[in-house]
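predicted structure and sequence below. I'll ask about it afterward.
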Amino acid sequence: MATLTESGHQSASLTRKLLAWLFIPLLVLLALGAYSTYRNASHLAEAERDLVLEEVADDLEESYTSSLRNGRPVQDQSQTIELILSDSRDQRYYAIYNAQGVLMAGDVRLRPPVRFSGKEERAAFSYISLEGKPLRLAVLQGSDAKLPGFHILVAETLARRDRLALRLSRGTLIPHGIILILALPLVWFGIRQGLHPLEKLRLSIASRSAQELDDFPVHEAPRELQLMVAALNGLLLRVREAHEEQRRFTTDAAHQIKTPLAALTAEIDLALSNSSSCPCAQPTYKRLQEAASRLAHLVLQLLALAHSEANRGNGLALFDLSELAKEVTEDHLAIAAARHIDLGYEGNEQTIPVQGNAILVREAMSNLVENALKFTPENGIITVSVQASPPSISVADSGPGIPEAEWPLIFQRFHRAPESAGIQGSGLGLSIVREIARNHGAHISVGRSTLGGALFTLQFQDQLASQS
């Protein structure tokens, strides 16, 4: 099936190309077969009709010999000759020449050959033209006993020959054409079956997420595809190496920044606590402290992101989603109380077992709750809730919400919506949540909550949930 490329043009179908490359040679072979069949049919028709012409010449010889034996003159329009020459489809002409080349009877327009080439066969045949009409001419040399040296010439038009050749050709070509038409669906089915490994490979590639970079098994692919699969595995290896290099760089950079940042923060705190410091420098120290705090938060987020990528698929175990949600909610109660925000948990005592990395899922939950705390004003409400089927956790707030146009963008790294101006943040929290969700085959979505603000839902797939 044809698909559309990025430029909007329809790409060619491999199935159609193979059909075309098979169909075109088949048509050429059919055309050659038709030509060969027609030639053979023409030869058969010619041989058949030549025998008839030779018999007509024999009859004329017998008739002329009988006339000479009985002493009767031969009349061109005699009933016997008319009967011999009569045919319902073709016109026939005849002429009889003696040994001296004198016309004894028939049409003067028919001339005997200068040299008779029929050495082994008694009759010779050739094509001639008479009044613009093509004729087949049979020249019979009289027998020595009957008409020594005589030539009996019989010519006829080609209607029966052409008709017989056409019938013979049609009897062969029509079945061949029908077989070709019936063979096309079978050829198409065979091509589709032959291309099935390609479709299987395509589905295998399409079913993988961006984080699944394991090699494809080369030995399971057909011989013709093994080189392509090997090249694909080479590409995946280079991608894995690039990701690993990027992760190491992120981790090393974050760790390198963490130590001097901690020292900077300690120096700023010391300056703020020093009573001998100039009061006019206090606002500057405050701003430095806030900047250092934002930078420290960014470093922690980078480390969390690197930790998430490094532990992809590792540390999977069963944990209780509802219990984990309660713990995360309790961890943020003090911050919520300090900001006069009503942070609560909704859910029953039912255990919701989920298989995954509990540390990473806790990080994702914490990011969602912290994100809600940043955007919810004082006296606002934040509700953390869980659901058993399918296993999911939701965080709803009464903040200003997120414009729908921003929903596809907020999970991108370092993206900050215009509404978040003036609010401390690095733009990495939601991208970390999305990365953790991908690692667990889960889905993170955003919407509008019944409280009027944003609603984030982290939903796990049913097949990842285990029954207790």
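On my side now, so go ahead. Residues are numbered from 1 along each chain as shown.

now residue 222: how far from residue 397?
55 Å (Cβ to Cβ, to the nearest Å). Every C-beta, even on glycine, is put in place using the N, C-alpha and C of the backbone.

which one of those two is surrounded by more residues?
residue 397 (28 against 13; other Cβ atoms under 10 Å).

could you list every residue that touches the more buried one?
For residue 397, the contacting residues are 372, 375, 376, 380, 381, 382, 383, 449, 451, 453, 454, taking Cβ atoms under 8 Å, 6 or more residues apart in numbering as the criterion.

now residue 384
By Cβ under 8 Å, 6+ apart, residue 384 lies in contact with 325, 328, 329, 343, 344, 345, 346, 365, 369, 393, 394, 395.

how about the strands in this protein?
With DSSP state E, the ranges of strands along the chain come out as 92-97, 103-106, 123-130, 133-141, 151-156, 317-320, 342-346, 353-356, 381-387, 392-397, 443-448, 454-459.

save these as TSV, and put in distance to residue 260 and mean pLDDT too.
Listed next are those as TSV, based on distance: least, Cβ to Cβ, whole Å; pLDDT from 0 to 100:
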stretch	distance to residue 260	mean pLDDT
strand 92-97	118	89
strand 103-106	126	86
strand 123-130	107	88
strand 133-141	107	90
strand 151-156	114	90
strand 317-320	36	84
strand 342-346	35	90
strand 353-356	35	85
strand 381-387	35	91
strand 392-397	34	91
strand 443-448	34	89
strand 454-459	34	91
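
list the contacts of the residue nearest to residue 95 when sequence neighbours are not counted.
The shortest distance from residue 95 to any residue other than its chain neighbours is 3.4 Å, reached at residue 106 (Cβ to Cβ, 6 or more residues apart in numbering). When contacts are counted by Cβ under 8 Å, 6+ apart, residue 106 touches 76, 93, 94, 95, 96, 153.

identify the bridge partners of the fourth one.
Counting by DSSP bridges, residue 95 forms beta bridges with residue 106, residue 153.

that one contacts residue 110, correct?
Yes - assessed by Cβ atoms under 8 Å, residue 95 is found in contact with residue 110 at 3.9 Å.

just to revisit the earlier point, the strands of the chain: which one's closest to residue 58?
When the strands of the chain are ranked by distance to residue 58, counting by Cβ to Cβ, first place goes to strand 133-141 at 7.0 Å.

output the contacting helices and strands for the closest one.
Using 3 or more Cβ pairs under 8 Å, 6 or more residues apart in numbering; DSSP states H and E, the elements in contact with strand 133-141 are helix 14-70, strand 123-130, strand 151-156.

got these as a markdown table, with mean neighbour count and distance to residue 100 columns?
Shown next, in a markdown table, are the helices and strands packed on strand 133-141 (neighbours: other Cβ atoms under 10 Å; distance: least, Cβ to Cβ, whole Å):
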| stretch | mean neighbour count | distance to residue 100 |
| --- | --- | --- |
| helix 14-70 | 15 | 16 |
| strand 123-130 | 14 | 20 |
| strand 151-156 | 25 | 11 |
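
export the ones you listed to a markdown table and tack on distance to residue 280?
Formatted as a markdown table, the helices and strands packed on strand 133-141 follow (distance: least, Cβ to Cβ, whole Å):
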| stretch | distance to residue 280 |
| --- | --- |
| helix 14-70 | 76 |
| strand 123-130 | 124 |
| strand 151-156 | 130 |
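
which of these sits closest to residue 437?
For residue 437, the closest of these is helix 14-70, at 36.1 Å, according to Cβ to Cβ.

so how far is the closest one off the chain centroid?
Computed by Cα atoms, centre = their mean, to the nearest Å, the chain-centroid distance of helix 14-70 equals 48 Å.

helices and strands around it, which ones?
helix 79-85, strand 92-97, strand 123-130, strand 133-141, strand 151-156, helix 159-194.

please identify the most buried of the ones you listed.
Of those, the one with the most neighbours on average (mean count of other Cβ atoms under 10 Å) is strand 151-156, at a mean of 25.

break the protein down into its structural domains.
29-166, 207-310, 313-464 (automatic domain parsing).

so which of those is the most surrounded?
Note that of the domains of the chain, domain 313-464 is the most buried (mean count of other Cβ under 10 Å), with a mean of 17.

weakest of the domains of the chain by average pLDDT?
Taking the mean pLDDT of each of these, the lowest value is held by domain 207-310, a mean of 72.

related to what we said a few turns ago, of all the helices and strands packed on strand 133-141, which lies closest to residue 171?
With distances scored as Cβ to Cβ, the stretch of those nearest to residue 171 is helix 14-70 (8.6 Å).

and for residue 95 and residue 110, which residues touch both?
Counting by Cβ under 8 Å, 6+ apart, the common neighbours of residue 95 and residue 110 are residue 153.

among the strands of the chain, which is nearest residue 67?
Counting by Cβ to Cβ, residue 67 lies closest to strand 103-106 out of the strands of the chain; the figure is 8.9 Å.

and the closest one, C-alpha only, in PDB?
Taking C-alpha atoms only, strand 103-106 is exported to PDB below (Å, rounded to 0.1, in the frame of the first residue of the first chain):
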ATOM      1  CA  LEU A 103      -0.600 -22.000 -72.800                       C
ATOM      2  CA  MET A 104      -2.900 -25.000 -73.400                       C
ATOM      3  CA  ALA A 105      -5.700 -23.900 -71.100                       C
ATOM      4  CA  GLY A 106      -6.500 -21.500 -68.300                       C
END
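
start at 325 instead
All set: I'll call the first residue 325, so the last point we hit is now strand 427-430.

from the chain's centroid, how far away is it?
Chain-centre distance of strand 427-430: 78 Å, with Cα atoms, centre = their mean.

got it, and stretch 380-400?
How far stretch 380-400 lies from its chain's middle: 80 Å, per Cα atoms, centre = their mean.

who's in contact with that stretch?
The contact list for stretch 380-400, computed with Cβ under 8 Å, 6+ apart, reads 404-405, 408-409, 416, 418, 420, 428-430, 447, 462, 464, 466-467, 470-471, 474, 476-478.

pull the CA atoms of it into CSV?
Coordinates of each C-alpha in stretch 380-400 appear next as CSV, following Å, rounded to 0.1, in the frame of the first residue of the first chain:
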residue,chain,number,x,y,z
VAL,A,380,-6.7,-29.6,-57.2
ALA,A,381,-3.7,-29.6,-59.5
ASP,A,382,-3.8,-33.4,-59.6
ASP,A,383,-7.5,-33.3,-60.5
LEU,A,384,-6.8,-30.8,-63.2
GLU,A,385,-4.1,-33.1,-64.6
GLU,A,386,-6.4,-36.0,-64.6
SER,A,387,-9.2,-34.0,-66.3
TYR,A,388,-6.8,-32.6,-68.9
THR,A,389,-5.3,-36.1,-69.6
SER,A,390,-8.7,-37.6,-69.9
SER,A,391,-9.7,-34.9,-72.4
LEU,A,392,-6.5,-35.5,-74.5
ARG,A,393,-7.1,-39.3,-74.4
ASN,A,394,-10.6,-38.9,-75.6
GLY,A,395,-9.7,-36.3,-78.2
ARG,A,396,-12.0,-33.7,-76.7
PRO,A,397,-10.8,-30.0,-76.5
VAL,A,398,-10.5,-28.5,-73.0
GLN,A,399,-12.8,-25.6,-72.4
ASP,A,400,-11.9,-23.1,-69.8
